[in-house]
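generate coordinates for the sequence data below:
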Amino acid sequence: MSQETSYTIEEVAQLLKVSKLTIYDLVKKGELPVFKVGRQMRLASSDLNDYIMRHRMNSHDDQKTIVISGQDLALDLLGKHIEAKLGYKVLRSHEGSLNGLLSMYQGERDIASLHMFDGDTAAYNLPYIKKLFVSHRYVLLRMLNRKAGFYVAKGNPLNIQSITDLQKDVRFINREKGSGIRTLLDEQLRIKGMTSKNVTGYENEEKDHLSVASVVASGRADVGLGIEKTAKLVEVDFVPLIVESYDIVILKTEENEKLIAAVRAILTDETFQEEVKNIGGYDVSRMGNVVFETL
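Numbers count the residues shown, from 1 in each chain. As a prediction, the model looks like this:
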């Protein structure tokens, strides 16, 4: 049975950019339904999305609200620049690539980020967008490039170098379904003629790069997949596998014309590019390039 993403009260407060007391008050009033895991209250992502959509539709002020999906820190910077440039309120939804695209298809996201590898074409992102947005007009813009690869123990004692090495007697820690890294793993397994049954620990999931790296650092797993930057934050080594294309997609509608123009201007601005570059581990040389645009 698939498990829906859920958030703690603190995570919801961070997503909505309000205090935890505000969230507790909304819970008390019954506006945000919660459930308990042990003694911890959690909120289902679908219920959070419903709350956001209700208040976007019922808002009587003139401030437009948009939602950006994805986990990368560069998206937080993009959101701040959009707020400054257009006066919009920007909310962040920290969901994986596929889930973000599906939410955009349902009209619940304004900007979706993605890094999804296609094994048949060895291309990123566009093959998936073309299949999903058959009847939509959109623009796909390059955000950045970054290295993805293996998190391993210091010194790489098991000599993990490639996807085929996951067939060895090693313990793997996976990412959640719908994430770009999970797609990369599944596609790499497929083109190598392997299945998930070849990978011990395939069913064990974490929701972000930092959590995967931390599991490897603790010795609870021997290897995981993630981005290079996170390896520098945790006591693990990094073995590069591929250079990812991290892109954003925006639907081309009359309502989104100002947003698209602003995002293009922000991404091609040298000051913004330098801010993202200073995060570390990112190649911004193609930032703002149009990867694909429908007529």
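
what residues does the residue nearest the centre of the chain make contact with?
The centroid of the chain falls nearest to G70 when counting by C-alpha atoms, centre = their mean (3.1 Å). G70 makes contact with 93-95, 97, 100, 112-114, 248, according to C-beta atoms under 8 Å, 6 or more residues apart in numbering. Glycine gets a C-beta too; all of them are placed from N, C-alpha and C.

so which of those are in strands?
Cross-referencing the contacts of G70 against strands under DSSP state E gives 93, 112-114, 248.

quick one: which of the residues you listed is nearest V18?
S93 (15.0 Å; C-beta to C-beta).

for the residue lying closest to the closest one once chain neighbours are set aside, what are its contacts?
Of all residues beyond its chain neighbours, the one nearest S93 is S69 (4.6 Å), with distances taken as C-beta to C-beta, 6 or more residues apart in numbering. Contacts of S69 were listed using C-beta under 8 Å, 6+ apart, and they are 92-95, 99-100, 103-104, 109, 111-113.

now S69: how far from N256?
Distance from S69 to N256, counting by C-beta to C-beta, to the nearest Å: 15 Å.

check T121 too.
T121 sits at a distance of 28 Å from N256 (criterion: C-beta to C-beta).

and for A122?
A122 sits 30 Å away from N256, taking C-beta to C-beta as the criterion.

can you show me the helices along the protein?
If you assign secondary structure with DSSP state H, the helices in the chain sit at 9-16, 20-28, 45-58, 73-86, 97-105, 126-132, 180-191, 209-218, 228-231, 257-267, 270-277.

now render those as JSON lines, adding mean pLDDT, distance to Q167 and mean neighbour count.
Formatted as JSON lines, these follow (pLDDT from 0 to 100; distance: least, C-beta to C-beta, whole Å; neighbours: other C-beta atoms under 10 Å):
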{"stretch": "helix 9-16", "mean pLDDT": "89", "distance to Q167": "36", "mean neighbour count": "17"}
{"stretch": "helix 20-28", "mean pLDDT": "85", "distance to Q167": "45", "mean neighbour count": "15"}
{"stretch": "helix 45-58", "mean pLDDT": "77", "distance to Q167": "34", "mean neighbour count": "14"}
{"stretch": "helix 73-86", "mean pLDDT": "97", "distance to Q167": "34", "mean neighbour count": "18"}
{"stretch": "helix 97-105", "mean pLDDT": "95", "distance to Q167": "26", "mean neighbour count": "21"}
{"stretch": "helix 126-132", "mean pLDDT": "97", "distance to Q167": "27", "mean neighbour count": "16"}
{"stretch": "helix 180-191", "mean pLDDT": "97", "distance to Q167": "10", "mean neighbour count": "20"}
{"stretch": "helix 209-218", "mean pLDDT": "97", "distance to Q167": "18", "mean neighbour count": "21"}
{"stretch": "helix 228-231", "mean pLDDT": "95", "distance to Q167": "23", "mean neighbour count": "20"}
{"stretch": "helix 257-267", "mean pLDDT": "98", "distance to Q167": "40", "mean neighbour count": "17"}
{"stretch": "helix 270-277", "mean pLDDT": "97", "distance to Q167": "37", "mean neighbour count": "15"}
